[in-house]
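Asker: sequence first, predicted coordinates after that:
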Amino acid sequence: MERTLVLVKPDAMQRSLAGEILGRLERRGLRMVGLRLLKVDKAMARTHYAEHVGKPFFNGLVNYITACPIIAAVFEGTNAVAAARQVMGSTRPTEAAPGTIRADFGLEVGRNLVHGSDSVASAKREIGIFFAGQRLPSWDREVDPWVFE
Ligand code: DAT
Ligand code: MG
């Protein structure tokens with residue numbers, strides 16, 4: 001069972017697409033095990049996007065991700081890292097497959113609506129940034145949704 005970090009980025013929040021995005025990941029079969037609404041500060045943004053330091057779009061990326069409150073979520077499931085990125089589509093929305101979040105709702109690479117960890121190691125690092133010190137709940141005792149007692 002894998003875990004991955006998902007961010008609903010500021011453009012998606014401002015366009016009221018948070019429910020749509022989380023819903024698509026849920027309906028794929030991924031399980032939500034962590035959920036936060038927060039405003040990312042510059043230091044946190046630079047840590048999260050450390051692999052992109054020095055690239056021409058880095059400052060723009062930091063300004064974008066810190067622009068307004070966002071949702072950080074942890075999703076769990078079989079191949080969760082790849083599955084979440086498949087639901088999101090390619091980094092550039094105009095290269096993403098139809099039916100993916102980025103293709104269905106975006107055009108600009110700098111406004112591509114969502115983040116998904118790119119490996120299990122990245123997921124571990126990123127979950128540590130966004131859910132530091134938090135114990136994520138488990139789904140080990142589920143209720144039967146059709147029994148009322
Ligand atoms: P992804 O988010 O698909 O993992 P990435 O890690 O390569 O993509 O880049 C992180 C984010 O940076 C990406 O979602 C959007 C932005 N970005 C990447 N390449 C860019 C570019 N050439 N111009 C502007 N923004 C870019
Ligand atoms: Mg990435």
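Answerer: That came through fine. Given the structure is predicted, the values throughout are model-derived calculations rather than measurements. Numbers count the residues shown, from 1 in each chain. Ligands and ions are numbered 1, 2, ... in the order given.
Asker: identify the residues contacting residue 93.
Answerer: 102, 103, 105, 106, 107, 108, 109, 112, 113 (CB atoms under 8 Å, 6 or more residues apart in numbering). Using the backbone N, CA and C atoms, a C-beta is placed for each residue, glycine as well.
Asker: neighbours of the fourth one, how many?
Answerer: Residue 106 has 24 neighbours, counted by other CB atoms under 10 Å.
Asker: ditto for the first one
Answerer: The number of residues packed around residue 102, counting by other CB under 10 Å, is 24.
Asker: following the helix or strand containing it in sequence, what is the next regular element?
Answerer: Assigned by DSSP states H and E, residue 102 belongs to helix 101-105. Per DSSP H and E, the first helix or strand lying C-terminal to helix 101-105 is strand 114-116.
Asker: contact partners of that next one?
Answerer: For strand 114-116, the surrounding residues in contact (CB under 8 Å, 6+ apart) are 4-9, 12, 21, 81, 84-85, 88, 101-102.
Asker: from the chain's centroid, how far away is whichever helix or strand comes after that strand?
Answerer: Under the assignment DSSP H and E, the closest C-terminal helix or strand after strand 114-116 is helix 120-130. Distance of helix 120-130 from its chain centroid, counting by CA atoms, centre = their mean, to the nearest Å, is 11 Å.
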